[in-house]
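In: how would this look folded up:
(chains A and B)
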Amino acid sequence: MPIRALTGNEAMAEAMRQINPDVVAAYPITPATEIVQLFASFVADGLVDTEFVPAESEHSAIAACAGASSAGARVMTSTSSQGLALMHEILYIVAGLRAPIVICGVNRSLSSPINIHCDHSDTMGSREAGWIQIFAEDAQDAYDSTIQAIRISEEVLLPVIVSTDAFIISHSMQRVDMLEDNEVQKFIGPHRYPYSLFEKTITIGPLDLQDYFFEHKRQQIEAMWKSSPIIEKVTQEFAHRFGRTYGFLESYRLEDAEQVLIACGSTCGTARVAIDNLREKGIKVGLLKLRIMRPFPHLKLLNLLCHSDPDPFACHSERSEESHRTAQGRFCEGEESHIKLINVLDRSVTMSTMGGPVYVELRSALYDAPERPLLVDYIYGLGGRDIDVEQIIDVGLKGEQIIKKNKVEKPVDYIGLRE
Amino acid sequence: MALSWRELPIGTIITKPGSAREFKTGDWRSQRPIWDPEKCIHCLICFIYCPDSAIKVSGKGKMTGIDLDYCKGCGICEEECSKQAIHMEMEKR
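Out: Next up is the predicted model:
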């Protein structure tokens, strides 16, 4: 397998080349421009068979993708920030049409104030659009996740966005273990979509009023439920074939941890170094990387963090029995959790005044646990503000004090903000 | 009979053509057109203007009435009829 030095953008563009989608419709935007630019050169050089549509806006780009997908094509695009925001209307339409489109996204802050650097406001801002969301930690993760996303998307019939962190990943060169072109093709297989405009007479996107809209939305919720085992299956098959393992959640030094850090994306790497440092000081800290934000892995979190079962939401799924069984296999009943404090690192905010999206959802997921750990949210890195190892070490040290007092005085705090 | 979410094709896709016929839009109506065959000269201007194809016409090109399953009661036929052969009345429920 070829080993290359690639930026996150190059890694995603290479994955797109190897996927060789039927249609790519896109509009450039910093810092995702390079993905489309490189892909356009692959088209010009005849390395792919893709119909490339340079659209006049992101709204048009994703609309063209929706049309092409409905016609039965394998479709991909790429965007970031304002571009994703401009796509917002069509993101819901794509998910509602159950069109298996994959976006290679780059997480960037949303204006105003205008800023081109990393935070998660754009991607988190579209988290209710009905897309499966994968946050990649590095270029390798971005490359592998893009390839997995095609399979996941076409099996679940929901669109997927894989995103990297602006500049930190998108423009940093890293070692990427690439697959051979034919291995990628063999893994993704032929495009699967049960409806095509060219095969039978169908109507796509009709008016859906009081009588059926609700049922169609319920189907989307069910698809999100069913996506969990499919995501697991696809990542396991990927690990089996290519030796790289991914999960909904990835843990680091969690076994006996009293404190857990939870983060998405590139900060996880920084957090691992900080954790090693804290461990040397005798502070028991571990990391939980949240790789998949949608569907939100509430059952897995409940199991890992609170050793709690059953999942209070399972009854809303057709798969309730199965998820119940999976849950029981994951922990020892009656075993007490060693986790006393969870520090959430949120790179975006909700304007609810209740903290960031990961914190809000985690807090909600843990509501039914018989014994809940202490929970603190740290908002950090908005607009690309750097976060370093020292700052994360501080989180761990503060955590020691919180555990000692057994009380959270500031449930939502900020890292690197001038007070 | 309306289908449950388990039975419906996904993605709002309609797999059988012509299903709009099953969607009876007549119950949206608040006013009902009353046709007077005595005054009607069968010019079919109402047929041309009707946005819901709710004017019934025989094979011989004569107007035969109004299809109340689909007439939404917009009143365009009343407005366009030069012989005042159609007038609107409030629906009584």
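In: okay, CA-based contacts and neighbour counts for the rest of this
Out: OK.
In: so A:S41 sits in a helix?
Out: Yes. When classified by DSSP: H, G, I helix; E, B strand; the rest coil, A:S41 is found to be part of a helix.
In: In space, what's closest to whatever residue of the stretch 51-200 of chain A ends up closest to chain B - neighbours in sequence excluded?
Out: Nearest residue of the stretch 51-200 of chain A to chain B, counting by C-alpha to the nearest C-alpha: A:L97, 4.2 Å away. Closest residue to A:L97 apart from its sequence neighbours, by C-alpha to C-alpha, 6 or more residues apart in numbering or on different chains: B:G11 at 4.2 Å.
In: I figured that neighbour hits A:I93, correct?
Out: No. Counting by C-alpha atoms under 8 Å, B:G11 does not reach A:I93; the two are 9.5 Å apart.
In: higher neighbour count, those two?
Out: Each of B:G11 and A:I93 has its neighbours counted (other C-alpha atoms under 10 Å in any protein chain shown); B:G11 has more, 22 against 19.
In: Now the phi/psi pair for that one, please.
Out: phi 70, psi 20 (degrees, to the nearest 10).
In: re earlier: now for the residue nearest to A:L97: which residues touch it?
Out: Neighbour list for B:G11: A:96-99, A:204-205, A:216 [criterion: C-alpha atoms under 8 Å, 6 or more residues apart in numbering or on different chains].
In: And A:G265, by the same measure?
Out: Each residue near A:G265 by C-alpha under 8 Å, 6+ apart is listed here: A:135-138, A:164-165, A:289-291.
In: Tell me the pLDDT of it.
Out: Model confidence at A:G265, given as pLDDT, is 98.
In: Next one: it relative to A:E180, how far apart?
Out: Between A:G265 and A:E180 the computed distance is 26 Å (C-alpha to C-alpha, to the nearest Å).
In: Tell me where the chain has helices.
Out: Answering for chain A, as no chain was given. A:8-19, A:33-44, A:58-70, A:81-96, A:121-125, A:139-156, A:181-188, A:213-242, A:267-280, A:298-306, A:320-328, A:357-365, A:389-405 (DSSP state H).
In: Chain B, not that one
Out: Using DSSP H, the helices of chain B run over residues B:45-49, B:76-80.
In: Let me know which of the ones you listed is the nearest to B:W28.
Out: Using C-alpha to C-alpha as the measure, helix B:76-80 is the one of the helices of chain B that comes nearest B:W28, at 15.4 Å.
In: how about the closest one: buried residues?
Out: Buried positions in helix B:76-80, judged by neighbour count with 16 or more other C-alpha atoms under 10 Å in any protein chain shown: B:77-78.
In: pLDDT averaged over that helix - what is it?
Out: 98.
In: Could you list every helix and strand that that helix packs against?
Out: Judged by 3 or more C-alpha pairs under 8 Å, 6 or more residues apart in numbering or on different chains; DSSP states H and E, helix B:76-80 is in contact with helix B:45-49, strand B:86-90.
In: quick one: buried residues of the first one?
Out: Along helix B:45-49, these residues count as buried under the neighbour rule (16+ other C-alpha under 10 Å): B:46-47.
In: That helix - contacts with which helices or strands?
Out: strand B:55-57, helix B:76-80.
In: which secondary structure elements does the first one contact?
Out: Contacting strand B:55-57 under the criterion 3+ C-alpha pairs under 8 Å, 6+ apart are the following elements: helix B:45-49, strand B:63-66.
In: roughly how far is it from the heart of the chain?
Out: Between the centre of strand B:55-57 and the centre of its chain there are 9 Å (C-alpha atoms, centre = their mean, to the nearest Å).
In: partners of it, with directions?
Out: Using DSSP bridges, the strands paired with strand B:55-57 in its sheet are strand B:63-66 (antiparallel).
In: Any idea how many residues pack against A:E183?
Out: The burial count for A:E183: 15, using other C-alpha under 10 Å.
In: Report the separation between it and A:L38.
Out: As defined by C-alpha to C-alpha, A:E183 lies at a distance of 21 Å from A:L38.
In: near chain A, which residues of chain B?
Out: B:2, B:4-6, B:8, B:10-17 (C-alpha under 8 Å from any C-alpha of the partner chain).
In: Show the buried residues in these.
Out: Buried by 16+ other C-alpha under 10 Å: B:5, B:8, B:10-14, out of the residues of chain B next to chain A.
In: I'd like to know which of the helices of chain B is closest to A:V358.
Out: With C-alpha to C-alpha as the measure, helix B:76-80 is the member of the helices of chain B nearest A:V358 (54.8 Å).
In: ok now the closest one, how far from the chain's centre?
Out: Per C-alpha atoms, centre = their mean, the centroid offset for helix B:76-80 relative to its chain is 13 Å.
In: circling back to that earlier point, so which of the helices and strands packed on helix B:45-49 is nearest A:S112?
Out: Of all the helices and strands packed on helix B:45-49, helix B:76-80 sits nearest to A:S112, with 48.3 Å by C-alpha to C-alpha.
In: between the helices and strands packed on helix B:45-49, which gets nearest to A:L110?
Out: Smallest distance to A:L110 across the helices and strands packed on helix B:45-49 (C-alpha to C-alpha): 48.1 Å, for helix B:76-80.
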